[in-house]
Every structure is written in structure tokens, then in C-alpha cells.
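[1] All I have is the shape, not the residue letters:
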Ligand SMILES: Nc1ncnc2c1ncn2[C@@H]1O[C@H](COP(=O)(O)OP(=O)(O)OP(=O)(O)O)[C@@H](O)[C@H]1O
Ligand SMILES: [Mg+2]
């Protein structure tokens, strides 16, 4: 019977080619819009390091202003002070740990080329294995390099291409902030999007240098700095010794079960500090996995949720449109339906047949919708040419394509319920009479 | 074969009630060819619709081939219609975008016969109405008489117990009509039970029996 229904569906579509095409286009537009928005939001909320999720933790110590709310509803600062970051690096017992902050620096290439600005990150050597940074040449700097504030640098693939033509540059030198840095490692193309360690929708940085070196050389900081107390004194040393909050801190535990003990370590550190007169707020420290962190800081903002809802409404409008088209289609066929009824088709069989016909249109609409969605995403890419972030979020994968088609079929079926019911409702005699 | 007693059918609209059939008693035996004759609006089509399970009725009882059909649901009525009744309409009612083959195939599809058997039956039926050569034509490519023959082939392809014909020659010129009517007589002589509505007494005189209907009442036998 299904084969016969598909045969009749094909006839039905041929009988009303314009109505059928209009419905397929309506479904396609709705689906394309919805799926594009969904794809983008989906990949925006994706965790790029799922394998690390249970091991990596963002650390929060509540060293904020006791008299004023902080930068999130729970009043807890997102970042750490320099003092606390150093103390945790010194006393912390996690498998790996890294304090870090974003920097910018002027790079002076060899020869006559003009100097230019690069973005970088100051971190500890553990940083690279914590966030699975892929090395092409060399590797991270050594732990002593952190202690000795060595002038060493790890280059991203793009800057290595630019400065050294993509060759193995380990052992070469570059000039950052007027000092020579020795290249110890070169990364491969690193697609860590979003950039979870300092959550942002941008690619990873071009250069990586030891945290200690960056602090000593007073590199320019990129990112937010929150000083709730006036800095006692002048100069960089005074800033480092202040209660200003500006450092991101991550730890990697060897086992997720260590989370509670690491948290109590944080609490005991905070209690120590309380005795020294710091940490005047109630004890409130926290650890977040990458997934928890992106929710905590609302990385996928409400804007995107609103956009998804609008896309969904658009899809519904397209479906209501389809209901009208299907009604016109199904109710204009009395003579044919009358014959089928008289020859033995039951009401349920007619109803099923209408559903099969809509599902066929939905399938076509889904395919068309995929094409539209693909064109739309390509359009977005062309508009934002060159931004690798955009290329990253506008990829359609196979399961999503299948999902699109299934959604198109389901949506068409939903739209066809009422028209199919109306179309199959009449008695055969009334259909025959209306057919004349 | 067919037993009706006290069957009544009324159409109600917001303002009027039309008594389309009143107290119809009828008994048709296997192999009969019964003509139902009456003026326009007398209820002939209504009677055929009720007899053919295309419509329910309000009063009375109706037994078709031993089954009480008064209180069957839609799918059971549809199944009975499919297996026991063949329809021939005044305006042929062929589906214009289906070939002759596919048109005759419709009742067999709902019968769920296998493809091989459907093909054999369709060819036999077309052969009986003398149109085997037109199996792949569309209805629009056939004359009125040929279309009605295809419709007759469609009515008899499932070997139903009862053929119902509503003015089968009403849309045809007299010569063509004669040919189609001869075909019905031929079917009757080979054993089919036929109920035919007509307003032409000349046709009625060739049947085994004719019944007159007026304002929904069967007059005499
Ligand atoms: N669906 C309906 N609603 C209301 N009245 C109806 C309906 N169908 C038929 N009637 C009425 O029932 C009566 C019988 O109609 P029917 O079609 O059975 O007549 P008929 O004998 O077949 O006439 P004709 O020879 O013109 O085909 C008529 O008065 C008609 O107006
Ligand atoms: Mg009539």
C-alpha cells in the first residue's frame, strides 16, 4: 500500500505542480533559516576539548570587594590577583596548572620589514599540554624557564609562516618588546574555538611566552582588569602587589575525584588569607569545568536564544502557509477522491495517502532547504571573509543534514494533519456529488 | 443477495429536511437485472448510494450478501464496497491522469492483490469490453463510449457480487448507448447481478424487472 501511496503522491504532486513547488519552497525556506541559525548556535556552544572536560578546571577565588557586588550574579570575581596566582602556582598540587593572561607586543622581524603588533599569551609551560596545543616543531619551554624568566617563545603556525616561511624555526630568535626571544616550539594550526581558557570567540594567540617573563618585562595586558581598591604606590611592582584582579587560572587534575580536595585546598588557602586580613567576603571559591564555565559566564548569550526563537517562528509561519497550500491541494480533488472511495479506499487510507504526499513534498523541501542553508552559510562566510571563526561555525555536518531532512518531513506532516483530515472527511456520496 | 426493508434517507440542512428515500423495501436475487426508473429528483441516485454503501441511511435494515450493513464503520463498509460492489457512473468518473490500466487497477490495489494477478485481471476485463488495445491510453484519448467501457471493466475487474449503474448511458449518443447497454446485457447473461438506474423506459423493458420510484417511494414492481 505504501508503494501505491507513493505512486499516487507523485501523481498528486504532478497534478498541482505550482502548489506543490510553493509548499516545498515554503518548507525549504523555514527549514533553511532555522537550521542555519541552529548550526551557528550549536557550534558556538560546543566544547572544543570534550576529552579534557572532566579534568580541566577554571579556578575562582573570591578576593573581591567586600562592599560591592562583583561581575557575576554570584558576586565572585572571574579572575585572580597576581599574588594569589603566584601562591597557587607555588602551593598547588594539581597535575598541571597555569596562571595566564593575554598580552600584546611589538614584534620586530629581522631585516628591513616594519615592526607590527602581535597578540600573545603569558602562561606556564603546563599550559600547552593542558589545552592540547599541537606542536609542529619543538615543544613547550621547560619548567626552569618559568622559574628563571627566560626569554623563550612558542610561535603559532601563522606567525611562523610569516616570519620563517613555515620552516622549522626552533633555535631562531625574534625580537619582542626590544628583547631577543629564542623560539622553542612552533604550533600547528590550532583550532580551539571558542578559545576556552580565556573565553572568547576568537582564535588562539600568535605568541606564547612564560608568565614570569611577561610579568617581569611588563608586557601590555589584554583583557579586563578589575581594581576595586586603589593601588598602594606607583609603578608595576605596586600593581602586581595590589588587589587588582586580572589573571585567569586553570588546573588539570589527574582524576575528577580530586575536585573536592582541590576545592578544600582553595578554601584553606582563602582562610589563611582571611587571617591576614584579605578575602573579606564570606568563603566562596569555585571550580568549573569548561562546560560549566561557558554556562557560568553565559558564553552563548540570550541574543542567540532570541534569534533561534525568531527562526522557529519563521518556520511556523512557513508551515501555516503550507497548511493553506495543502488545503487548496487536497480539497480540489473531489472527483479523484470520490473514485478511490467508491472503489474501496477507507477514510483512513485517504488520510494516510495525504500524509505520504506531504511527506514527499517535505522531503523535497528538506533537500531544497539544505541547499538554501548551505548557500546562506556560504553567504555569511563571504560577508565575513577571512575570519576563521566564521568558517568554523558555518559548517554543515552529515548528521545535521539528516536532521534537516527529518525535520522538514516532520514539519510537513504536522502541517498536513488538518488538510488531510478535511480532505478525507466527506462520505463517498458527497464527494461524488461535489465532483460534478 | 440484497434485502432492504423500510430503508429511509433524509437530508437535513439548517432550514429544510428532504425525504430522499422513504420506506424502501426491496429484495434482489442473484443474477437479476433490475432497472430503477423515475423522474429527476425522485431519489434514484440516493437509492444507489445507499445500496452501494457510499452513504449511510437513517431507518430500516439492509442486508448485502448475507451481511447486515446498517451499523458498520467506515473501514468495514469500504472493504465490503471494494469486494462486493462495482460502480458504473453516468459521467464515467475515470481519473484523467491515470492510464486505462491504472484506472482499472484502483479497486484491485485496495484489494491488495499481487501485481501478477492484477495484471491478468485487468487484461481479462479489458478484453471483455473489447478495449485491450487501449490499455496504455489516457481517458482523454478515448471516445465517450470507450470511456464508459473502461469504467465497466473497472467495475467488473474484481468480480463483485453486485454491479450498480447510475444512468450508464445518460451521457452517450443513442448508438453508443446501445452498445454499452448490450454489454451490460451480456454481463447479465453471463451471471452478473445488476441494479441500473435509468429514466428511459425503453432500456428498462429489456431487464428482468423494473421498479418505479417517485418522491423517494418505490411504487410498484
Ligand atoms: N446532499 C444532499 N443534501 C440535500 N438534499 C439532497 C442531497 N442529495 C440529494 N438531495 C435531494 O434528494 C432528492 C433526491 O435526489 P437524487 O439525486 O437521488 O435524485 P435522482 O433521482 O438521482 O435525480 P436525477 O435523475 O436528476 O439524477 C432530491 O430532491 C435532491 O434535491
Ligand atoms: Mg441521479
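    Nice, thanks for sending it over. Given the structure is predicted, the values throughout are model-derived calculations rather than measurements. Ligands and ions are numbered 1, 2, ... in the order given.
[2] CA only for contacts and neighbour counts going forward, please
    OK.
[3] Looks to me like residue B:123 is in a strand.
    No. Assessed with DSSP: H, G, I helix; E, B strand; the rest coil, residue B:123 is helix; it does not lie in a strand.
[4] Tell me how many other residues crowd residue B:21.
    By other Cα atoms under 10 Å in any protein chain shown, 27 other residues sit near residue B:21.
[5] Show me the beta-bridge partners of it.
    residue B:9 (DSSP bridges).
[6] Touching, it and residue B:216? I think so.
    Yes. At 4.0 Å, residue B:21 counts as touching residue B:216 under the criterion of Cα atoms under 8 Å.
[7] quick one: common contacting residues for the two?
    Counting by Cα atoms under 8 Å, 6 or more residues apart in numbering or on different chains, the residues touching both residue B:21 and residue B:216 are residue B:43.
[8] Could you check how far residue A:286 is from ligand 1?
    The gap separating residue A:286 from ligand 1 is 76 Å, by Cα to the nearest ligand atom, to the nearest Å.
[9] which residues sit in contact with the closest residue to that residue other than its chain neighbours?
    Of all residues not flanking residue A:286 in the chain, residue A:60 sits nearest, at 5.0 Å (Cα to Cα, 6 or more residues apart in numbering or on different chains). Residues in contact with residue A:60, defined by Cα under 8 Å, 6+ apart, are A:76, A:77, A:78, A:79, A:80, A:249, A:285, A:286, A:287.
[10] Now do the contacts for the fourth one.
    The neighbours of residue A:79, taking Cα under 8 Å, 6+ apart as the test, are A:60, A:61, A:245, A:246, A:247, A:248, A:249.
[11] from those, which ones fall inside strands?
    Using DSSP state E, the subset of the contacts of residue A:79 located in strands is A:60, A:248, A:249.
[12] Do I have it right that the last one meets residue A:100?
    Yes. The pair residue A:249 and residue A:100 qualifies as a contact (Cα under 8 Å) at a distance of 6.3 Å.
[13] Can you read off the pLDDT for the nearest residue to residue A:41 once chain neighbours are set aside?
    Using Cα to Cα, 6+ apart and skipping the chain neighbours, the partner closest in space to residue A:41 is residue A:304 (6.6 Å). For residue A:304, the pLDDT comes out at 78.
[14] a helix runs through residue A:304, doesn't it?
    Yes. Counting by three-state DSSP, residue A:304 falls inside a helix.
[15] And it, how close does it get to residue A:44?
    According to Cα to Cα, to the nearest Å, residue A:304 and residue A:44 sit 10 Å apart.
[16] Counting neighbours, go ahead and name the busier of the two.
    Neighbour totals were compared for residue A:304 and residue A:44, and residue A:44 leads with 20 against 15 (other Cα under 10 Å).
[17] Just the pLDDT at the nearest residue to residue A:20 once chain neighbours are set aside, thanks.
    Counting by Cα to Cα, 6+ apart, residue A:20 lies nearest to residue A:13, which is 5.9 Å off, once chain neighbours are set aside. The model reports residue A:13 with a pLDDT of 92.
[18] where does the helix or strand containing residue A:13 sit relative to the chain's centre, distance-wise?
    If you go by DSSP states H and E, residue A:13 is part of helix A:2-15. In terms of Cα atoms, centre = their mean, to the nearest Å, the centre of helix A:2-15 is found 43 Å from the chain centre.
[19] got a list of contacts for it?
    A:20, A:353, A:354, A:356, A:357, A:360, B:97, B:109.
[20] Assign the last one to helix, strand or coil.
    The one in question is residue B:109. Relying on three-state DSSP, one would call residue B:109 helix.
[21] which ones are touching residue A:260?
    Residue A:260 neighbours (Cα under 8 Å, 6+ apart): none.
[22] helix or strand right after the strand or helix carrying it?
    Using DSSP H and E, residue A:260 sits in helix A:259-275. For helix A:259-275, the succeeding helix or strand toward the C-terminus, using DSSP H and E, is strand A:286-288.
[23] Pull out the buried residues from that next one.
    Neighbour-count burial for strand A:286-288, with 16 or more other Cα atoms under 10 Å in any protein chain shown as criterion, is recorded at A:286, A:287, A:288.
[24] what residues does chain B put near ligand 1?
    Contact residues (Cα under 6 Å from any ligand atom) of chain B with ligand 1: B:11, B:18, B:20, B:39, B:40, B:41, B:42, B:43, B:44, B:45, B:46.
[25] Just the buried residues of those residues.
    B:20, B:42, B:43, B:44, B:45, B:46.
[26] so which residue of chain B comes closest to chain A?
    residue B:82 (4.0 Å; Cα to the nearest Cα).
[27] quick one, what contacts the residue most central in space within chain B?
    In chain B, the residue lying closest to the centroid (Cα atoms, centre = their mean) is residue B:164, at 1.9 Å. Counting by Cα under 8 Å, 6+ apart, residue B:164 touches B:48, B:52, B:85, B:86, B:87, B:88, B:194, B:195, B:196.
[28] On the three-state scheme, the last one is what?
    Taken by three-state DSSP, the conformation at residue B:196 corresponds to strand.
[29] I'd like to know how far it sits from residue B:45.
    When Cα to Cα is the yardstick, residue B:196 and residue B:45 sit 10 Å from each other.
[30] Could you do residue B:112 as well?
    29 Å.
[31] now do residue B:32
    In terms of Cα to Cα, residue B:32 sits 19 Å off from residue B:45.
[32] The residue of chain A found nearest ligand 1: which element?
    Nearest residue of chain A to ligand 1: residue A:430, at 6.4 Å (Cα to the nearest ligand atom). If you go by DSSP H and E, residue A:430 is part of helix A:428-435.
[33] what's in contact with that helix?
    By Cα under 8 Å, 6+ apart, helix A:428-435 touches A:334, A:335, A:337, A:338, A:339, A:341, A:342, B:49, B:54, B:55.
[34] swap the cut-off to 7 Å and go again
    Identification of contacts with helix A:428-435 by Cα atoms under 7 Å, 6 or more residues apart in numbering or on different chains yields A:334, A:335, A:338, A:341, A:342, B:49, B:54, B:55.
[35] Same list (these) but as CSV, adding neighbour count, secondary structure and pLDDT.
    Shown next, in CSV, are the contacts of helix A:428-435 (neighbours: other Cα atoms under 10 Å in any protein chain shown; DSSP: H, G, I helix; E, B strand; the rest coil; pLDDT from 0 to 100):
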residue, neighbour count, secondary structure, pLDDT
A:334, 21, helix, 86
A:335, 20, helix, 88
A:338, 26, helix, 93
A:341, 27, helix, 95
A:342, 26, helix, 95
B:49, 22, helix, 95
B:54, 25, coil, 94
B:55, 18, coil, 92
